[in-house]
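Enquirer: Show me the folded form of this:
(chains A and B)
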Number of protein chains: 2
Amino acid sequence: MGVNSNRVEHFSDATNFETTVTICSAEETPPLEVHKVCLPPQKTTLQKLRHRLSEIFFPDDPLHRFKNQTWLKKFLLGLQFFFPVFQWGPNYTLQLLRSDVISGLTIASLAIPQGISYAKLANLPPIIGLYSSFVPPLIYSVLGSSRHIGVGPVSIASLVMGTMLSETVSYTEQPILYLQLAFTATFFAGVFQASLGLLRLGFVIDFLSKATLVGFMAGAAVIVSLQQLKGLLGIVHFTTKMQIIPVLSSVFSHRNEWSWQTIVMGISFLTFLLAARQISMRKPKLFWISAAAPLTSVILSTLIMYLLRSKAHEIPTIGNLPKGLNPPSSNMLYFHGTYLGLALKTGLVTGILALTEGIAVGRTFAALKNYQVDGNKEMMAIGLMNMAGSCSSCYITTGSFSRSAVNYNAGAQTIVSNIIMSSAVLVTLLFLMPLFTYTPNFILAAIIITAVIGLIDYQAAFRLWKVDKLDFLACLCSFLGVLFISVPLGLAIAVGVSVFKILLHVTRPNTTVLGNIPGTQIYQNLSRYREALRVPSFLIVAVESPFFFANSTYIQERILRWVREEEERIEANNESMMKCIILDMTAVTAIDTSGIDTICELRKMLEKRSLQFVLANPVGNVMEKLHQSNALESFGLNGLYLTVGEAVADISSPWKAQP
Amino acid sequence: MGVNSNRVEHFSDATNFETTVTICSAEETPPLEVHKVCLPPQKTTLQKLRHRLSEIFFPDDPLHRFKNQTWLKKFLLGLQFFFPVFQWGPNYTLQLLRSDVISGLTIASLAIPQGISYAKLANLPPIIGLYSSFVPPLIYSVLGSSRHIGVGPVSIASLVMGTMLSETVSYTEQPILYLQLAFTATFFAGVFQASLGLLRLGFVIDFLSKATLVGFMAGAAVIVSLQQLKGLLGIVHFTTKMQIIPVLSSVFSHRNEWSWQTIVMGISFLTFLLAARQISMRKPKLFWISAAAPLTSVILSTLIMYLLRSKAHEIPTIGNLPKGLNPPSSNMLYFHGTYLGLALKTGLVTGILALTEGIAVGRTFAALKNYQVDGNKEMMAIGLMNMAGSCSSCYITTGSFSRSAVNYNAGAQTIVSNIIMSSAVLVTLLFLMPLFTYTPNFILAAIIITAVIGLIDYQAAFRLWKVDKLDFLACLCSFLGVLFISVPLGLAIAVGVSVFKILLHVTRPNTTVLGNIPGTQIYQNLSRYREALRVPSFLIVAVESPFFFANSTYIQERILRWVREEEERIEANNESMMKCIILDMTAVTAIDTSGIDTICELRKMLEKRSLQFVLANPVGNVMEKLHQSNALESFGLNGLYLTVGEAVADISSPWKAQP
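Expert: Sure thing, here's the model as predicted:
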């Protein structure tokens, strides 16, 4: 009959009156086992390097499908991997074709006016925009994996290409050179995109966070809209600069050139387009309204201009567009000379922007319809599409948000919708070109403004402000950078703010003092959980970040400050003296030599003040580094525990033994 | 008598034979309480900003000493804070003076030859080196807090200043301009250093990690040593470039200029100095040997040159040095003109290097003797010291490792040792200048080589290789960058590699699958702890990094891959199907909007596959962001738990209820 025992004793029946009982108290818990902290399994440097490289470049283990298959199957899988058309092709049905034809024609009605407009945005001949809606979608449909994407020219990439090339080469004075540089930049963009995909460096575009892009695209949209005032107001002499102040001053200083006819018609069609867009946003079922509105406006305005052609001479129109398919342009590629650097730079920036938008579009719709899109494969598809496009008179294209949204809403099932769209553009190129002769420029300006207005996502910006102020700062910086400095620099500033956010988090991490939730082995932040209580004679500090060179001095100072503040508090409240400091390393995800040195220094400093310093729960690679650096030798036997609870119990047990 | 009850029942004595007992079994544990996950205490944006700024700029809470003090005490404390001389001054004793005099004279014997040598390294007149060992230590002793530092010119900063200025201005053809620029650069360096201290931006130098500096200083030491071959071999025409290949080719292409007398005497003295250094390293008690050796060599070689003065004309000597104190040089500061940018750049780079060495020296000896050195205050002291020095014919100075080590070993107790050293230099300047007329250049070269050899810390590099390969890579990059590219660029490359290390850790974090250690509530990495067992029907994944834009796509792909691999394993082993995935967020130290979006997407994806997705143990600010973004609404009631154990118990209890 031991009072402290927890054993189950036998219980004989009441008639015997001989019982051995066990008294258990609710406060008595089983003695706490102390577990040994293990090293992770041993690996050679080569094994570790291989593992690290495979995590960096092949996180999704793309070859898992190839395991345990016959050679023929592996060949087929490989073919499907590189040419996804072999994956959905054999399973294509008439029903799918029906949906795709409807959606294809719908996005074609959007592609034709948008193509012409965006080409003007890039200061290129309008026909280039139509060429770019013909060849690239065909290439993509063979190589790409997204089912709902709508491929063609996009506003931001066109804007950036137009800006960067116009800074050095004038498209009015040197049109041939300008065209050459545009095609060459597209080629370099394609090469860059394909290499990123091939070398599986796709994570590079992850650095353009969504917060950054919200601000960037809003700024670019504002710039584009303001620039379209040239077409809407009928101004002839306009600045080529892209910043908000030159553009606004150019608008208002050329007030004498404002043409009231252009303004009236431009504003009316703009209102019509914006109204159509609003209706489609309120009632998603009426998506076809905003899809058909641009083409309708083009047709209407062309008709008006044709009827008034003798009276309204001064309203600029597109003019004669050549009939026929894309002429080959590989002879126009410019690989030597003074402007090669310009082409390279333009290709790089527009390539990244096009890639970001294309990958984001692919992922968005894949998530909606629950299929996977391999980022690196998409990059190769987009890159090859641009390389081929640059040799067939196309400029930079990618998956466009507006076009893909219309495509999705119109019920597209596979990428064949893009093939249908290409066919419609083909028909237009072969037969319908003369119809655009009288299309006025102001309608193109109105179409562009309507398209980019949707890029200004103020709701997302407000949500950023609510949830994460630093993200909002990145958003604001990129917005202001684009507005006031320049588009590429605004992007660079935004990426810089994002990287700065990471560095700030690592350089000034959170440190908290933990307390025990009574009755459990749970240790939580004292200031957060009111039921958590301090453990007498212990100070339990948790560090929430890796222990790097960038923050080891800070962490050391902060821990010493916690010690000092705790000592003052103990003195003020007359509590039991502090004897041991436990560092909870659960959230210390990595350590380097500076961190290890700091831990050893801390231990020496605290030892001189007769305080024991103990580590709890180091993660695998931290434990490995501590072991390899022989830092643990100075800690002795009682220096390392698996959990904070075990540390507290084990260290305080000798104290309880001595009353 | 309830079988499931744990209450203590009364136990009457054996004579009564009426007992009520409680049966407790060892396997029966109290039912697991499920704790609610709390939000951290509410704070306004302003409060959070204040807290964040105070953590960034005032981590050590420097004003804590000022609390609850009288005005007079506050004034005294303030005075002591800005002028530490008022702190140690009143407590100074004759015994301390004795130790300081010994150490002061010891470092003076080192300061005089080193000062002359390092000035030549910076291509400045040798007297400037002596001036710089006179005024700056006096200024530092009033403002600085380190007790063991030895202040004066240093090899690396002298090298960098000499390099950067010589690239543009020749010190032989435009000596006055060169001197002006050197003083101006020193002034700017001082301004930069003092501003860093004033604005409490001291953490900026933390980015020059120890690993980086090991490689950088080794590379600079090699460059300096190779350059000294000019003096040792007696070459007249030498390259001004600093990279290893030009220097080596210059040495070997001017073989005809090698002078055997210079070589013989230079090598012998170099051997003597290196031997003295080795002896002091083996037996630390004989530190005075390596301290006295340079001065002895200077005296010996001067004597030899004086005796042989009629025969050895071609061996270059220092020549006549002006007697007297530092002339004021504020009129020489160059604030306008074409070379202002050069002075600014040089000042910035040498300022950072000097600061890094000075702070590191201060911290090292403070840790050895267990006192604190405020980094920001030290920066202001060093900055003001350089600003004052630039107005009194001194060039850039800081705490030197070699001088401080000698100071420490010689038993210095306070900074008064530097005052003694200044006084010795003063005596030299006033009376002993003619003695240096016949001092040959080769002895200065030998002294420099001996001094910088100690900077090549191959043991530290080997330790880096053993403990942290990425740190070793940073070290190697800075070493090779300095050797083959240039000193400032090598430093920039090293900082870049260090920052890349942080980004790599955040972009490709570790994710592990956890298992339960039976009999406890401990969940640990399955591959690391052999006793950890999988929990049937659960997949517990831990992510070891913040959830940022840079890694959210990777984490999502990785978790989905874990799910897929687990499903394959379950199928192969015919185990119970997976029903729930728990994400352990203990080590997810921060989250941004991209991370929140990813979590929501993951939940939707897994829900479509009939898998429950649950979060466990989010830290304070992560919980706050999840709450503010309304992401938790989609998780419902069973979506968030305080620990993994509680999640497992709570989710699996309804399954157990249904047999």
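Enquirer: Name the helix or strand for A:Leu539, please.
Expert: strand A:538-544 (DSSP states H and E).
Enquirer: Just the angle for the helix or strand that that strand is followed by relative to strand A:538-544, thanks.
Expert: Going down the chain from strand A:538-544, the next helix or strand is helix A:552-573, by DSSP H and E. If you take axes from the mean of the first three to the mean of the last three Cα atoms, to 10 degrees, helix A:552-573 sits at 150 degrees to strand A:538-544.
Enquirer: what stretches of the stretch 301-450 of chain A score poorly on pLDDT?
Expert: A:312 (pLDDT under 70).
Enquirer: and it, which residues reach chain B?
Expert: Taking Cβ under 8 Å from any Cβ of the partner chain as the contact definition, the stretch 301-450 of chain A meets chain B at A:Ala367, A:Asn370, A:Gly375. The C-beta positions use only the backbone N, C-alpha and C, and glycine is treated the same way.
Enquirer: tally of neighbours for the residue nearest to A:Pro316 when sequence neighbours are not counted?
Expert: In space, and not counting its chain neighbours, A:Pro316 is closest to A:Asn441: 4.7 Å by Cβ to Cβ, 6 or more residues apart in numbering or on different chains. With neighbours defined by other Cβ atoms under 10 Å in any protein chain shown, the count for A:Asn441 comes to 22.
Enquirer: And A:Asn441, how far from A:Lys230?
Expert: Counting by Cβ to Cβ, to the nearest Å, the gap from A:Asn441 to A:Lys230 is 9 Å.
Enquirer: same check, this time on A:Leu105
Expert: A:Leu105 is 32 Å from A:Lys230, where distance means Cβ to Cβ.
Enquirer: quick one, which of these two is more surrounded?
Expert: Neighbour tally, A:Leu105 and A:Lys230, criterion other Cβ under 10 Å: the higher count belongs to A:Lys230, 21 against 16.
Enquirer: is it true that A:Gln372 touches A:Phe365?
Expert: No - applying Cβ atoms under 8 Å as the test, A:Gln372 and A:Phe365 come out as separate, 11.8 Å apart.
Enquirer: Who has more neighbours out of those two?
Expert: A:Phe365 (22 against 13).
Enquirer: sec struct for the residue nearest to that one when sequence neighbours are not counted, please.
Expert: Closest residue in space to A:Phe365, ignoring its immediate chain neighbours: A:His148 at 4.0 Å, by Cβ to Cβ, 6+ apart. Secondary structure, DSSP: H, G, I helix; E, B strand; the rest coil: A:His148 is coil.
Enquirer: Okay, A:His148 and B:Thr106: tell me how far apart.
Expert: Separation of A:His148 from B:Thr106 (Cβ to Cβ) stands at 79 Å.
Enquirer: again, but for A:Gly162
Expert: 71 Å.
Enquirer: Same check on A:Gly411?
Expert: Here A:Gly411 is placed at a distance of 89 Å from B:Thr106 (Cβ to Cβ).
Enquirer: Looking at those two, which is more packed in?
Expert: The neighbour comparison of A:Gly411 against B:Thr106 (other Cβ under 10 Å) goes to B:Thr106, with 26 against 15.
Enquirer: what sits against that one?
Expert: By Cβ atoms under 8 Å, 6 or more residues apart in numbering or on different chains, the contact set of B:Thr106 is B:Trp288, B:Ala291, B:Ala292, B:Val406, B:Asn407, B:Ala410.
Enquirer: one more time with 6 Å, if that's ok
Expert: Counting by Cβ atoms under 6 Å, 6 or more residues apart in numbering or on different chains, B:Thr106 touches B:Ala291, B:Ala410.
Enquirer: Next: A:Phe472.
Expert: Contacts of A:Phe472 (Cβ under 6 Å, 6+ apart): A:Leu464, A:Trp465.
Enquirer: pLDDT below threshold where in chain A?
Expert: A:1-33, A:240, A:312, A:637, A:657-659.
Enquirer: Output the longest helix belonging to it.
Expert: Looking across chain A with DSSP state H, the single longest helix is helix A:340-369.
Enquirer: Same question for that helix: list its buried residues.
Expert: Of the residues in helix A:340-369, those with enough neighbours to count as buried (16 or more other Cβ atoms under 10 Å in any protein chain shown) are A:342-367.
Enquirer: Then stretch A:639-653?
Expert: Neighbour-count burial for stretch A:639-653, counted by 16+ other Cβ under 10 Å, picks out A:639-649, A:651-652.
Enquirer: try stretch A:567-583
Expert: Buried residues in stretch A:567-583, defined by neighbour count with 16+ other Cβ under 10 Å: A:Ile570, A:Met578, A:Cys580, A:Ile581, A:Ile582, A:Leu583.
Enquirer: Which of those residues fall within helices?
Expert: A:Ile570.
Enquirer: Filter the buried residues of stretch A:567-583 down to the ones in strands?
Expert: Among the buried residues of stretch A:567-583, the members falling in strands (DSSP state E) are A:Cys580, A:Ile581, A:Ile582, A:Leu583.
Enquirer: Now the closest residue to chain B within the stretch 501-650 of chain A: closest residue in space, sequence neighbours ignored.
Expert: With Cβ to the nearest Cβ as the measure, A:Phe549 is the residue of the stretch 501-650 of chain A nearest to chain B, at 3.2 Å. Once flanking residues are discounted, A:Phe549 sits nearest to B:Ser209: 3.2 Å by Cβ to Cβ, 6+ apart.
Enquirer: That neighbour - how many residues pack around it?
Expert: Per other Cβ under 10 Å, the neighbour tally for B:Ser209 reads 24.
Enquirer: what does A:Ala446 give?
Expert: Look at A:Ala446: counted by other Cβ under 10 Å, it has 30 neighbours.
Enquirer: What helix or strand is it located in?
Expert: Using DSSP H and E, A:Ala446 sits in helix A:441-453.
Enquirer: gap between A:Ser141 and chain B?
Expert: A:Ser141 is 25 Å from chain B, where distance means Cβ to the nearest Cβ, to the nearest Å.
Enquirer: Tell me who's in contact with the closest residue to chain B within the stretch 101-250 of chain A.
Expert: Nearest residue of the stretch 101-250 of chain A to chain B, counting by Cβ to the nearest Cβ: A:Ser209, 3.2 Å away. Applying Cβ under 6 Å, 6+ apart to A:Ser209 gives the contacts A:Ser498, B:Phe549, B:Ser594.
Enquirer: The first one is in contact with A:Leu473, isn't it?
Expert: It stands for A:Ser498. No - using Cβ atoms under 6 Å, A:Ser498 makes no contact with A:Leu473, being 9.8 Å away.
Enquirer: who's more crowded, the two?
Expert: Counted by other Cβ under 10 Å, A:Ser498 and A:Leu473 do not tie: A:Ser498 has more neighbours, with 26 against 18.
Enquirer: What strand or helix carries that one?
Expert: Applying DSSP H and E, one finds A:Ser498 within helix A:487-507.
Enquirer: That helix close to chain B?
Expert: Yes - counting by Cβ under 6 Å from any Cβ of the partner chain, contacts between helix A:487-507 and chain B involve A:Ile502, A:His505, A:Val506.
Enquirer: Check stretch A:63-82 too.
Expert: No - Stretch A:63-82 lies out of reach of chain B by Cβ under 6 Å from any Cβ, never closer than 7.7 Å.
Enquirer: which residues are in contact with that stretch?
Expert: Residues outside stretch A:63-82 that contact it (Cβ under 6 Å, 6+ apart) are A:Phe86, A:Gln87.
Enquirer: how far does it sit from the chain's center?
Expert: With Cα atoms, centre = their mean, to the nearest Å as the basis, stretch A:63-82 stands 31 Å off its chain's centre.
Enquirer: cool, and stretch A:572-584?
Expert: Stretch A:572-584 sits 46 Å away from the centroid of its parent chain (Cα atoms, centre = their mean).
Enquirer: Next: stretch A:225-232.
Expert: So, by Cα atoms, centre = their mean, the centroid of stretch A:225-232 is 30 Å from its chain's centroid.
Enquirer: burial of the residue lying closest to A:Ser170 once chain neighbours are set aside, as a residue count?
Expert: Excluding the flanking residues, the one nearest A:Ser170 by Cβ to Cβ, 6+ apart is A:Tyr178, at 7.5 Å. A:Tyr178 sits with 23 neighbouring residues when counted by other Cβ under 10 Å.
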